[in-house]
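Engineer: kindly return the folded structure for what I paste below:
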Amino acid sequence: MRLLLDTATLIYAVQYPERLSRRASQALRNLENALELSAVSVSEIAIKSAYGKLDFSLTTLERALGGLDIRILPYTGEHAVHMFDLPLHHRDPFDRQIIAQALAEEIPIVTPDEKFRKYDGVTVIW
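Structural biologist: Numbers count the residues shown, from 1 in each chain. Okay, here's the model as predicted:
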């Protein structure tokens, strides 16, 4: 099964694995799952790192992607178009893009963020 990791999930997996729920941890370790990270998450990490809000380097990201066998999922115009139909349950623009992407791709999101569950059609694993 394809799984889209929220930015927080990647950070937890790398820096704070004890914060992962049992279900999320099992999903990440299941070799039958294809783990994906949105290109939006890469941008979010880069921006927040540049502003000093996050201590997560490019080297850490590259190690995480390789170590967890995570593929970067490009963000496309088709994904962006899904944002027109999203209600404003969540104001974070990065999260809204990830939600739109998951809806367009019809894949679950691994996230600790409860607001993701408010969106019809989004399956949350946590």
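Engineer: the protein: strands as residue ranges?
Structural biologist: 2-5, 34-38, 70-73, 109-110, 124-125 (DSSP state E).
Engineer: next, the buried residues of the first one.
Structural biologist: Going by neighbour count (16 or more other CB atoms under 10 Å), the buried part of strand 2-5 is 3-5. The way it works is simple: take the backbone N, C-alpha and C, and place the C-beta from them, glycine included.
Engineer: picking up where we left off before, and the strands of the chain: which comes nearest residue 11?
Structural biologist: strand 2-5 (9.7 Å; CB to CB).
Engineer: run the chain-centre distance for the closest one.
Structural biologist: How far strand 2-5 lies from its chain's middle: 7 Å, per CA atoms, centre = their mean, to the nearest Å.
Engineer: so in that sheet, which strands flank it, and in what orientation?
Structural biologist: Note on strand 2-5: by DSSP bridges, its sheet partners are strand 34-38 (parallel), strand 109-110 (parallel).
Engineer: pick the most deeply packed of those.
Structural biologist: Stretch with highest mean neighbour count among the strands paired with strand 2-5: strand 109-110 (a mean of 27; mean count of other CB atoms under 10 Å).
Engineer: so how far is that one off the chain centroid?
Structural biologist: Mean-position distance between strand 109-110 and its chain equals 6 Å (CA atoms, centre = their mean).
Engineer: tell me the mean pLDDT for that strand?
Structural biologist: Strand 109-110 shows a mean pLDDT of 98.
Engineer: which residues sit against that strand?
Structural biologist: If you take CB atoms under 8 Å, 6 or more residues apart in numbering as the criterion, strand 109-110 is touched by 3-6, 9, 24, 27-28, 98-99, 102, 116, 122-126.
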